[in-house]
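Engineer: below is the sequence, then the predicted model.
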Amino acid sequence: MEKRGMIDTWIDKHRSIYTAATRHAFVVSIRDGSVDISSFRTWLGQDYLFVRGFVPFVANVLIRACKDSGESSDMEVVLGGLASLNDEIEWFKSEGSKWDVDFSTVVPQKANQEYRRFLDALMSSEVKYPVIMTAFWAIEAVYQESFAHCLEDGNKTPVELTGACHRWGNDGFKQYCSAVKDIAERCLENSSGEVLAEAEDVLVRVLEHEVAFWEMSRGGQ
Ligand SMILES: Cc1ncc(CO)c(N)n1
């Protein structure tokens, strides 16, 4: 049995927003096969831009893992995540040609810009390591939980969308998220009440940004 830590406690406390982020109508529509392809194209273009902006954030997490962590293995976990973003960008490019989405003409929507600004603020040296790790875990975990749901038993996910689902719904990504969660939990165990309050707040804000991000897909394009 895994030990229950702060993150599980917070997820229970904020269950409705967690569910909103991990079982959004867009994700559910992929799973049940009713997805509107124009929604998928919108999400694809917006997420490509998001991921490009996520690279400097993860690079910053990596630097903090080298400087502020007492454990040398933290750096290895984050480095693995950064390396997989390299593949991810290539995957987006091939998916862009497959769905005829020209990324050079995609304009970041408001939810995307706001999420990006939030990530930029988290890159400040004032933000404590446990807070950054909690945010990092939540960002990755929402995609893992969402896309794994599209691959679970009984899914009617269209075959041409299974590539996207496997990207974040595969077992390796699940284990990576679990390793990031362990790092966050270890850091939170030794944190002051003030840092804990900040980490909880940041966790909820990530979930809100994720919901708003999924919402963009409703607009179509
Ligand atoms: C909006 C968003 N959240 C999380 C991830 C996971 O990396 C992603 N690609 N996009």
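Structural biologist: All right, it came through fine.
Engineer: show me the contacts for residue 192.
Structural biologist: By CB atoms under 8 Å, 6 or more residues apart in numbering, residue 192 lies in contact with nothing. C-beta here means a position set from N, CA and C on the backbone, and glycine is covered the same way.
Engineer: so what's the residue count around the residue in the chain positioned nearest to the ligand?
Structural biologist: With CB to the nearest ligand atom as the measure, residue 143 is the residue of the chain nearest to the ligand, at 3.8 Å. Neighbourhood size, residue 143 [other CB atoms under 10 Å]: 20.
Engineer: any idea how far residue 60 is from it?
Structural biologist: 19 Å (CB to CB, to the nearest Å).
Engineer: one step back: which other helices and strands contact whichever strand or helix holds the residue of the chain closest to the ligand?
Structural biologist: Assessed by DSSP states H and E, residue 143 sits inside helix 129-149. Under the contact definition 3 or more CB pairs under 8 Å, 6 or more residues apart in numbering; DSSP states H and E, helix 129-149 sits against helix 15-22, helix 25-31, helix 37-67, helix 110-122, helix 162-169, helix 171-189, helix 193-215.
Engineer: between the third one and helix 193-215, how many degrees?
Structural biologist: This means helix 37-67. Angle of helix 37-67 versus helix 193-215, following axes from the mean of the first three to the mean of the last three CA atoms, to 10 degrees, is 160 degrees.
Engineer: mind checking how far helix 37-67 is from the chain centre?
Structural biologist: The chain centroid and the centroid of helix 37-67 are separated by 8 Å under CA atoms, centre = their mean, to the nearest Å.
Engineer: could you list the buried residues of that helix?
Structural biologist: Neighbour-count burial for helix 37-67, counted by 16 or more other CB atoms under 10 Å, picks out 39-50, 53-54, 57-58, 60-62, 64-65.
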